[in-house]
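Undergrad: Generate coordinates for the sequence data below:
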Amino acid sequence: MCFLVALPCAQLGTFLVLRRMSLVGDAISHSVLPGIVVAFLFVGDLASPWLLIGAAVAGLLVTVLIEQIHQRTRIKQDSAIGIAFTSLFALGVVMLSLYLDKVHLDQQCVVEGSLGDILHYDTVALLGFDVPTPVVSMGVVAALTMVIIVVFYRVLMLSSFDAGLAASFGYKPMVVHYALMAFLSVVVVAAFQAVGAILVIALLILPGASAYLCSHKLKTILILASLHAFLSSLIGIYIHVWTNGNQSAAVVVAGLGLFLLAWLFGPADGVVVRAIHRRAKPVSEVVGHS
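TA: The predicted model follows:
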């Protein structure tokens, strides 16, 4: 379950890092809450797919709100992000306390998740095994994420690095942007049961940022981000068993450790590599003069 949550977050988070939009992922991870609450008020079922639709609508709303505040006022984008996501998150918390105080969709679930309770959920028969329904739903989201990235890889790559070039090829960068944000909202709400909204942002940033320190090729970065998601999930569970702490927090701590390794020893931009290059530079200059 950890890996199924971390994998789509790592893949989508890589494009957020490349687009310099990591804080937008943070905004969406907080702002989907009112969309979930409104959808639940209509359907009354925490397992309904309408909650994903409500989350996607809320994520799209906060993205549009950020763009409108930034474009139509003198407010900078970072301030616009802070205004939009804190307001919508606060609205969601107020709606929780007013309408859903007796439902297991509380602030603790939203903040920390309930990874330890996954095995206690209802199960479905799959390949001869009884698999908890959150694992099945998250597996579907992870598989769908990978399919979307493979199919639309060229569009995402062009719009991330050069929106003008993407537009010249007939793509619409703003449509791609809003579609990416809407699907990111779906991934975030699907991950609620496991790691909670606040820790999702770590899974959105750490794998992509770590991979970016190790390579300058997008395909390699995506592969390394997937590897980071797997290793942080595996090591995080061992940290949880060792410390008997929160499972989702342990996964993020493991991801932070991998980021520090990439920061120090990354072959592309690691601290150690840069130090070696700086020391080797005078030698090359001497050889060049001679």
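Undergrad: contacting residues for the spatially most central residue of the chain?
TA: Nearest residue to the geometric centre of the chain (C-alpha atoms, centre = their mean): residue 204, 2.7 Å. Neighbouring residues of residue 204 by C-beta atoms under 8 Å, 6 or more residues apart in numbering: 9-10, 12-13, 16, 22, 25-26, 29. In short, each C-beta sits where N, CA and C put it, glycine included.
Undergrad: Mind putting those residues into a markdown table with pLDDT and secondary structure?
TA: Converted to a markdown table, the contacts of residue 204 look like this (pLDDT from 0 to 100; DSSP: H, G, I helix; E, B strand; the rest coil):
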| residue | pLDDT | secondary structure |
| --- | --- | --- |
| 9 | 90 | helix |
| 10 | 92 | helix |
| 12 | 92 | helix |
| 13 | 90 | helix |
| 16 | 88 | helix |
| 22 | 78 | helix |
| 25 | 74 | helix |
| 26 | 74 | helix |
| 29 | 74 | helix |
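Undergrad: Show me the shaky parts of the stretch 51-200 of the chain.
TA: In the predicted model of the stretch 51-200 of the chain, residues 100-114, 116, 193-198 satisfy pLDDT under 70.
Undergrad: mind listing the strands in it by residue range?
TA: With DSSP state E, counting those that start in this stretch as the criterion, the stretch 51-200 of the chain has strands at 123-126, 129-132.
Undergrad: could I have the last one exported to CSV, CA atoms only?
TA: Taking only C-alpha atoms (Å, rounded to 0.1, in the frame of the first residue of the first chain), the coordinates of strand 129-132 have been written out as CSV:
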residue,chain,number,x,y,z
PHE,A,129,-6.3,-13.6,-2.3
ASP,A,130,-8.5,-11.4,0.0
VAL,A,131,-7.2,-8.0,-0.8
PRO,A,132,-8.3,-4.9,1.2
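Undergrad: in its sheet, what does that strand sit against?
TA: Sheet pairing of strand 129-132 (DSSP bridges) gives strand 123-126 (antiparallel).
Undergrad: picking that back up, need the strands of the stretch 51-200 of the chain in JSON lines (columns: distance to residue 183).
TA: What follows is the strands of the stretch 51-200 of the chain, written out as JSON lines (distance: least, C-beta to C-beta, whole Å):
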{"stretch": "strand 123-126", "distance to residue 183": "24"}
{"stretch": "strand 129-132", "distance to residue 183": "23"}
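Undergrad: Mind putting the ones you listed into CSV with distance to residue 141 and mean neighbour count?
TA: Compiled in CSV, the strands of the stretch 51-200 of the chain are given as follows (distance: least, C-beta to C-beta, whole Å; neighbours: other C-beta atoms under 10 Å):
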stretch, distance to residue 141, mean neighbour count
strand 123-126, 16, 11
strand 129-132, 14, 12
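Undergrad: Phi and psi next, for residue 217.
TA: The phi and psi values for residue 217, taken as degrees, to the nearest 10, are phi -100, psi 130.
Undergrad: For residue 67, which of the strands of the stretch 51-200 of the chain is the nearest?
TA: Evaluated with C-beta to C-beta, those place strand 129-132 nearest to residue 67, the distance being 37.9 Å.
Undergrad: Check the offset of that closest one from the chain's centre.
TA: 26 Å (C-alpha atoms, centre = their mean, to the nearest Å).
Undergrad: What are the contacting residues of that strand?
TA: 1, 118-119, 121-125.
Undergrad: The longest helix seen in the chain packs against which elements?
TA: Longest helix in the chain by number of residues, with DSSP state H as the criterion: helix 218-243. Applying 3 or more C-beta pairs under 8 Å, 6 or more residues apart in numbering; DSSP states H and E, we find helix 218-243 packed against helix 2-18, helix 192-212, helix 247-265.
Undergrad: Just send those back as TSV, with distance to residue 136 too.
TA: Shown next, in TSV, are these (distance: least, C-beta to C-beta, whole Å):
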stretch	distance to residue 136
helix 2-18	10
helix 192-212	12
helix 247-265	19
